[in-house]
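J.: sharing a model that was predicted from the sequence below.
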Amino acid sequence: MRLGVLYGIVLGLALLTAGCNAMPGDPRSGPPIPPDQVTDFHILYNRNCQACHGANGRNGPAIDLANPEYEALIDDTTLRRIVANGMPGTEMPAWAQSAGGMLTDAQVNALVAGMRREWARPNAFAGGTPPPYAQNQTGDAKRGQQTYQARCASCHHTPAHQQVTSPVYLSLVSDQMLRTLIIAGRPDIRQPDWRHDTPNGGAGQPLSAQDVTDIVAYLHALRNPDEVSAAPLSNAPRR
Amino acid sequence: MSRLKRIYDWFELRLQLEGPVGEVVLHKVPRDTASWWYVFGSAAFTLLMLQIVTGILLALVYVPSGAQAWNSLNILNHQIPLGWYLRALHGWGSDFMVAVVFIHMAQVFLFGAYKYPRELTWTVGVFLLLATLGMAFTGQVLRFDQDAYWGLGIGVFIMSRVPWIGGGLVHLLLGGPVIAGATLSRFFTLHVFVIPGTLLLLALVHVWMVIKLGINEWPMPGRLVRRSTYIADYNKLAHEDGIPFVPGAFWKDLIFSGAVVAAVAVCAAVFGPYGPGGQPDPSIIQTVPKPDFPFLWIYAVLSYLPPSMETPFILVAPILMIAGLLAVPFVAGEGEKSWHRRPVAILALASVAVAWAVFTNLATFTPWSPHMNAWSGDTLPVRYLEEATPLVRQGAVIFQAKQCRNCHSVGGHGGQRGPALDDVATRMTVDQLRFKVVSGGGNMPAYGKNLSPPEIEALVSFLETLHPKGQSPAIDAAQQAVENAAASPPGSQGGTP
């Protein structure tokens, strides 16, 4: 009788041991990957970018990388350079170890490739031809001011001290970011792209490459308001 | 029978164990002590045995070298059949042992069992506790992963604050000025030879005294301990209303110890081994290390202390605690044992238990260190930016980039050192916000020198929008009066928040 119990226990233990490889505590996943060997796009993006660029590349405080037009506008080399070296003078940090960041070259490449894979769409401009990503002309701030009044101010008027034309705001962002935004738009915050289609889909009047450059020149000049001869009209709140 | 008996007799003639063992087994103990309250000491001893057995098995594979320790644990986890289970048993055994030792101590305190003539039993017990904690700590270091590395780093940092000899102590412990290969050899020696040797020796002395002095009788209100009469009283009690230790009291010990070991086995099977986490590498700072459970409370306490209190606390508190524990039987060696008549003792125990539980709990739920990845990894709730103006959105970028969230949570994510900021605008006016950001105060650093005026403006205009929908932000009453007076037709105010 006693022996029976004993055998039972031994048998039970043996079975338990045999089934052990299916026990929930078994660490099957393998040792954790050291942070500098991670090349999974989603892990990299979630750890390093989403706080500013938003979950899945949209709705963050900084520009939406998931905008297909943005992905179509910027070429691989430039994108890679920006991720690696950051945007100097702004809060976009340099990520490559060569530039003082935390990511290896392989990881920067994985990010660029992942952004393309996840967010680029064929024919993102639906046949249109946007102004180029990089500025290739000189702008005229005066003309830019007029274009801004005509094309931007209707949406951007109050409160003036928090608007696009506020020198405080402008001192925190780069000209390139403004240019990118005007051309590719930001669908997640309803900023139109350069075509300026109306929110309900009606065709707008596209901004020319010169228009974009002029507006950026105007905003650039506003950082130091004395450079603009006329007082910036848009600073007067329109109510 | 005759064959076995003859072998037995052959040994007994030479060893002569029958007498002493019989005496131990059959010695009379007061009937009340056969209680489920009296099982923790033996359970701690059983766990010690479990740790020794599993520890020896682990030592067969573990390589105590800086370069290979981490690897050898991964080999145990992934290549040796059930190696992971062995690690899990040892790890959970350790947690259970610490817990059981603490419970045992609390029970002994509660039952006044440290009083005359058991003062020395208690004193040895205090050192057993320290040795157990020492095992837990050195064991955590042997894991030699990120947590171990940083846990040790903080331990060392604590030691380095000892006046005059701090540097020397650190050098002695680490085998050099920094954590390196020699460190691991030292901790291996401590964990495998020095502390367990001491522990086993002290445990035997402890048990010896328990047997010789008898198990503490059940405390009765009004039955006072007096040096002059206690031993005679106890012997009378044990003999007039006593039962033999085995099996009278012993079966409960057996069952409870068995249950504890089973619990360890189940926890090990279900939750698995601890780590090893990431490879120990001081250059990897993207990590949120957490010490093992027995030490969590220390880190919680440290993270809530104002910096100026840290050094005094770190250096003085442990000494006071140990001295306090050692003093207990000498301060209160006589008198009442019953908890019904010892309000101060009960209150003290309850406060310690509550404080410990609270801090441990805080430490398990909140990052005890700044939340290092928050600035690039934690998103802001989408609705917080729904109505943002360009400046406010830029303020949110600054908020993330300047790592405010290492210490402040928003939308439930972020550090816990400072208050959550989801509704900060209802608590502070714009001017108060600006002042706080620039000048700091309390535990908050002053950012006036680290942020440019536009950055501060953007940041403050973002913070100003942090209030629940429908609840208006805090407003400076005087300023509002001025604004109201200057306001054009009522209703024209408003605009974007």
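T.: All right, it came through fine. Residues are numbered from 1 along each chain as shown, chains lettered A, B, ... in the order given.
J.: so which residues on the stretch 301-450 of chain B come close to chain A?
T.: B:373-380, B:382, B:385, B:388-394, B:396-401, B:405 (CB under 8 Å from any CB of the partner chain). Bear in mind the C-beta positions are built from the backbone N, C-alpha and C, glycine included.
J.: below-threshold pLDDT in the chain: ranges please.
T.: No chain was given, so I picked chain A. A:1-3, A:6, A:9-22, A:28-32, A:225-239 (pLDDT under 70).
J.: that's the wrong chain, I meant chain B
T.: B:1, B:279-290, B:365-374, B:477-497.
J.: which ones are touching residue B:112?
T.: Residues in contact with residue B:112 (CB atoms under 8 Å, 6 or more residues apart in numbering or on different chains) are B:216, B:219, B:225, B:336-339, B:342, B:345.
J.: from residue B:214, how far off is it?
T.: 14 Å (CB to CB, to the nearest Å).
J.: and for residue B:40?
T.: Counting by CB to CB, the gap from residue B:40 to residue B:214 is 17 Å.
J.: likewise for residue B:32?
T.: 12 Å.
J.: go on, residue A:125?
T.: For residue A:125, the distance to residue B:214 - CB to CB - is 91 Å.
J.: ok, residue B:32 and residue B:214, which is more surrounded?
T.: Applying other CB atoms under 10 Å in any protein chain shown to residue B:32 and residue B:214 shows that residue B:214 carries more neighbours, namely 22 against 19.
J.: single out the residue in chain A that lies closest to chain B.
T.: Relative to chain B, the nearest point of chain A is residue A:25 (2.9 Å; CB to the nearest CB).
J.: pull the number of nearby residues for the closest residue to residue B:475 other than its chain neighbours.
T.: Leaving aside its sequence neighbours, residue B:475 sits nearest to residue B:429 (CB to CB, 6 or more residues apart in numbering or on different chains; 6.2 Å). Residues near residue B:429, counting by other CB under 10 Å, number 17.
J.: gap between residue B:429 and chain A?
T.: 17 Å (CB to the nearest CB, to the nearest Å).
J.: show me the contacts for the residue nearest the centre of chain A.
T.: Centroid-nearest residue in chain A: residue A:65, 3.4 Å away (criterion: CA atoms, centre = their mean). By CB under 8 Å, 6+ apart, the contact list for residue A:65 reads A:49, A:53, A:57-58, A:71, A:115, A:119.
J.: and it, that one's in a helix?
T.: No: going by DSSP: H, G, I helix; E, B strand; the rest coil, the assignment for residue A:65 is coil, not a helix.
J.: just to revisit the earlier point, restricted to helices, list the contacts of residue A:65.
T.: Counted as lying in helices by DSSP state H, out of these, are A:53, A:71, A:115, A:119.
J.: need the contact list for the first one.
T.: Just to be clear, that refers to residue A:53. By CB under 8 Å, 6+ apart, residue A:53 lies in contact with A:60, A:62-65.
J.: narrow the residues you listed to those that are buried.
T.: With burial judged by 16 or more other CB atoms under 10 Å in any protein chain shown, the buried subset of the contacts of residue A:53 is A:60, A:62-65.
J.: nearest to residue B:46 among these?
T.: Nearest to residue B:46 among the buried ones among the contacts of residue A:53: residue A:60, at 55.1 Å, using CB to CB.
J.: domain assignment for chain A?
T.: Using automatic domain parsing, the domain parsing of chain A gives A:35-119, A:141-227.
J.: okay if I get those domains as JSON lines plus distance to residue B:296?
T.: Output for those, formatted as JSON lines (distance: least, CB to CB, whole Å):
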{"stretch": "domain A:35-119", "distance to residue B:296": "24"}
{"stretch": "domain A:141-227", "distance to residue B:296": "41"}
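J.: so who does the residue in chain B that chain A sits nearest to touch?
T.: Nearest residue of chain B to chain A (CB to the nearest CB) works out as residue B:272 at 2.9 Å. Contact partners of residue B:272, counting by CB under 8 Å, 6+ apart, are A:23-27, B:84, B:88.
J.: for those residues, pick the one with the most neighbours.
T.: Highest count within these by other CB under 10 Å belongs to residue B:88, 27 neighbours.
J.: element containing that residue?
T.: Using DSSP states H and E, the element containing residue B:88 is helix B:83-110.
J.: please see if that helix touches chain A.
T.: Yes: shown here: helix B:83-110 in contact with chain A (CB under 8 Å from any CB) through B:84-85, B:88.
J.: tell me which strands and helices that helix is in contact with?
T.: On a contact count with 3 or more CB pairs under 8 Å, 6 or more residues apart in numbering or on different chains; DSSP states H and E, helix B:83-110 meets helix B:40-59, helix B:69-78, helix B:119-142, helix B:250-271, helix B:343-365.
J.: export the second one as PDB, just CAs?
T.: The C-alpha trace of helix B:69-78 is given here as PDB (Å, rounded to 0.1, in the frame of the first residue of the first chain):
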ATOM      1  CA  ALA B  69      29.200  33.600 -17.100                       C
ATOM      2  CA  TRP B  70      26.400  35.000 -19.200                       C
ATOM      3  CA  ASN B  71      26.900  32.400 -21.900                       C
ATOM      4  CA  SER B  72      27.000  29.500 -19.500                       C
ATOM      5  CA  LEU B  73      23.600  30.600 -18.200                       C
ATOM      6  CA  ASN B  74      22.200  30.700 -21.700                       C
ATOM      7  CA  ILE B  75      23.600  27.200 -22.300                       C
ATOM      8  CA  LEU B  76      21.700  26.100 -19.200                       C
ATOM      9  CA  ASN B  77      18.600  27.800 -20.300                       C
ATOM     10  CA  HIS B  78      18.600  26.600 -23.900                       C
END
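J.: relative to helix B:40-59, how tilted is that helix?
T.: Here the directions of helix B:69-78 and helix B:40-59 differ by 100 degrees (axes from the mean of the first three to the mean of the last three CA atoms, to 10 degrees).
J.: need the contact partners of helix B:69-78.
T.: A:27, A:30-31, B:58, B:61-63, B:83-84, B:86-87, B:142-145, B:184, B:273, B:275-276, B:279-280.
J.: for that helix, buried residues please.
T.: Neighbour-count burial for helix B:69-78 [16+ other CB under 10 Å]: B:69-70, B:72-74, B:76-77.
J.: equivalent analysis for the last one, please.
T.: When neighbours are counted by 16+ other CB under 10 Å, the buried residues of helix B:343-365 are found to be B:345, B:349, B:359-360, B:362-363.
J.: and residue B:400, how many neighbours?
T.: 27.
J.: secondary structure element holding it?
T.: Assigned by DSSP H and E, residue B:400 belongs to helix B:390-401.
J.: what's the answer for residue A:4, then?
T.: Going by DSSP H and E, residue A:4 is in helix A:2-18.
J.: equivalent analysis for residue B:243, please.
T.: Assigned by DSSP H and E, residue B:243 falls within strand B:242-244.
J.: that strand pairs with which strands?
T.: Sheet partners assigned to strand B:242-244 using DSSP bridges are listed as strand B:28-30 (antiparallel).
J.: return the set of buried residues in the partner strand.
T.: B:28-30.
J.: between these, which is closest to residue B:170?
T.: residue B:29 (48.0 Å).
J.: which element is the residue lying closest to the closest one once chain neighbours are set aside on?
T.: In space, and not counting its chain neighbours, residue B:29 is closest to residue B:215: 4.7 Å by CB to CB, 6+ apart. Residue B:215 is part of no helix or strand when elements are defined by DSSP H and E.
J.: contact partners for residue B:215?
T.: The contact partners of residue B:215, taken as CB under 8 Å, 6+ apart, are B:29-30, B:33, B:38, B:245, B:249.
J.: let's see 7 Å
T.: B:29, B:33, B:38, B:249 (CB atoms under 7 Å, 6 or more residues apart in numbering or on different chains).
J.: can you tell me which residues in chain A are near chain B?
T.: Contact residues (CB under 7 Å from any CB of the partner chain) of chain A with chain B: A:17, A:20, A:23-27, A:30-32, A:34-35, A:46-52, A:54-55, A:59-62, A:91, A:102, A:158-159, A:162-164, A:166, A:168-169, A:171-173, A:239.
J.: no more questions from me, cheers.
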